[in-house]
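Undergrad: For reference, the sequence and a predicted model appear below.
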Amino acid sequence: MKFVLAFLAVVGIAYAASNVKVTSKSTKDISIKLERTIPIKNPAIQAYLTKAVQERSPRLDMTIDFIVDKVLGEAVDLLLDNNLDPLSLPEIHLGFEYQPALITYHGELDMVGGWVQDIITIHRTGSSTVSLDGNIIGARIPIGFDDIILTYLYSATIMDLGPHGSIHGKLYDVDAYFDVTIDTDAMTVTMNEFNLNTGKLSLKFYGYGIIDWLVNLLIDVVEDVLHEQIVDILNKVVGAVVEYIVEYLNENLGDLLGRHLEGEPKLTIGHQMPKVNLRQILRPTQ
């Protein structure tokens, strides 16, 4: 049996690079309750918001979009300043089984040298949706990422086969939104909820000594693990960035709104956001 399997591996594409691609068939929504409230202290901004609510101003969505774009730009700088793109991934060691007939074969898979990149492609994907209920302004802000890329080196052993090479993955169709409310009586901005659609993951295995049935087996083994790992990183990134945004808006909300109302087409934010150690927050656990 082992001789036959080894022979098939040689006669097949044992020395070729495999480009087998499998796409996950489902996505998952993750909701994060934020419940962070920021006071609006600037009298001019308070007056603007009060008037906007009274007049049901159509400029509210433009105002919110303006602020979001500037803050996300600062968040990207934050990630780059902390050397978080690309970001290293933890080593993965997995056991798996294969049962082609009556016999169950046990295998092991080691994945090292992992990296994920393009988290900094976070951006607003459309116009904010604004609603008015009495003196409460509600806003849903859509954001997303471009394709997020990951790589690993791998080696596996099963049935006297020892394929090794690299894994290339792409997480795509990742989108999300923030829900925000502005209370013009209390003059506060509350970041209520962040909802993340985790997107779909495609994987390609390249390497020496790899054949199609084994590629499909390995993809089944690692797909969920890698998907969950990237989603966990995105959650941590979002959580850290939200904390950062809250601290930033506490200092700069009045300045941002003031510049927007003055019609400044290209805004260079003069304030510097405080330095934080995001690498410590996002450090992968082994």
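TA: Done, it's in. Numbering: from 1, shown residues only.
Undergrad: where do the helices sit along the stretch 1-150 of the chain?
TA: Per DSSP state H, counting those that start in this stretch, the stretch 1-150 of the chain carries helices over the ranges 2-11, 43-55, 60-81.
Undergrad: Please identify which of these is closest to Thr188.
TA: If you check each of the helices of the stretch 1-150 of the chain against Thr188 by C-beta to C-beta, helix 43-55 wins as the nearest, at 10.6 Å. (Each C-beta comes from the backbone N, C-alpha and C, glycine too.)
Undergrad: other SSEs contacting that closest one?
TA: Counting contacts by 3 or more C-beta pairs under 8 Å, 6 or more residues apart in numbering; DSSP states H and E, helix 43-55 packs against strand 136-144, helix 212-261.
Undergrad: Neighbouring strands of the shortest one in the sheet, and parallel or not?
TA: Looking at strand 136-144 with DSSP bridges, its partner strands are strand 123-124 (antiparallel), strand 129-133 (antiparallel), strand 175-183 (antiparallel).
Undergrad: most packed of these?
TA: strand 175-183 (a mean of 20; mean count of other C-beta atoms under 10 Å).
Undergrad: Could I get the CA-only coordinates of that one as CSV?
TA: Extracted in CSV, the C-alpha atoms of strand 175-183 (Å, rounded to 0.1, in the frame of the first residue of the first chain):
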residue,chain,number,x,y,z
ASP,A,175,-16.3,44.8,5.3
ALA,A,176,-17.5,46.4,8.5
TYR,A,177,-19.4,49.3,9.9
PHE,A,178,-19.4,51.6,13.0
ASP,A,179,-22.7,52.7,14.6
VAL,A,180,-22.4,56.1,16.2
THR,A,181,-24.9,58.4,17.9
ILE,A,182,-24.6,62.1,18.6
ASP,A,183,-26.8,63.5,21.4
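Undergrad: neighbouring contacts of it?
TA: 34, 40, 49, 64, 125, 135-145, 188-197, 199, 238 (C-beta atoms under 8 Å, 6 or more residues apart in numbering).
Undergrad: Find out how far that strand is from the centre of the chain, if you would.
TA: Computed by C-alpha atoms, centre = their mean, to the nearest Å, the separation of strand 175-183 from the middle of its chain amounts to 17 Å.
Undergrad: relative to helix 60-81, how tilted is it?
TA: Interaxial angle of strand 175-183 relative to helix 60-81 (axes from the mean of the first three to the mean of the last three C-alpha atoms, to 10 degrees): 120 degrees.
Undergrad: can you tell me which residues contact Gly162?
TA: So Gly162 contacts 155-156, 209 (C-beta under 8 Å, 6+ apart).
Undergrad: re the thing from before, only whichever of the contacts of strand 175-183 are buried, select them in PyMOL.
TA: Entered in PyMOL, the line below selects the buried ones among these, by 16 or more other C-beta atoms under 10 Å:
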select buried, resi 34+40+49+64+137+139+140+141+142+143+144+145+189+190+191+192+194+196+199+238
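Undergrad: Angles on the backbone of Thr104, please.
TA: Note on Thr104: its backbone torsions stand at phi -100, psi 120 [degrees, to the nearest 10].
Undergrad: quick one, what contacts the residue nearest to it when sequence neighbours are not counted?
TA: Closest residue to Thr104 apart from its sequence neighbours, by C-beta to C-beta, 6 or more residues apart in numbering: Glu97 at 5.5 Å. Contacts for Glu97 were tallied using C-beta under 8 Å, 6+ apart; they are 104-107.
Undergrad: and if you look at Ala139?
TA: 60-61, 64, 128-131, 179-182.
Undergrad: got a pLDDT number for it?
TA: Looking at Ala139, its pLDDT stands at 90.
Undergrad: ok, it to Ile64 distance?
TA: For Ala139, the distance to Ile64 equals 5 Å [C-beta to C-beta, to the nearest Å].
Undergrad: Great, nothing more from me.
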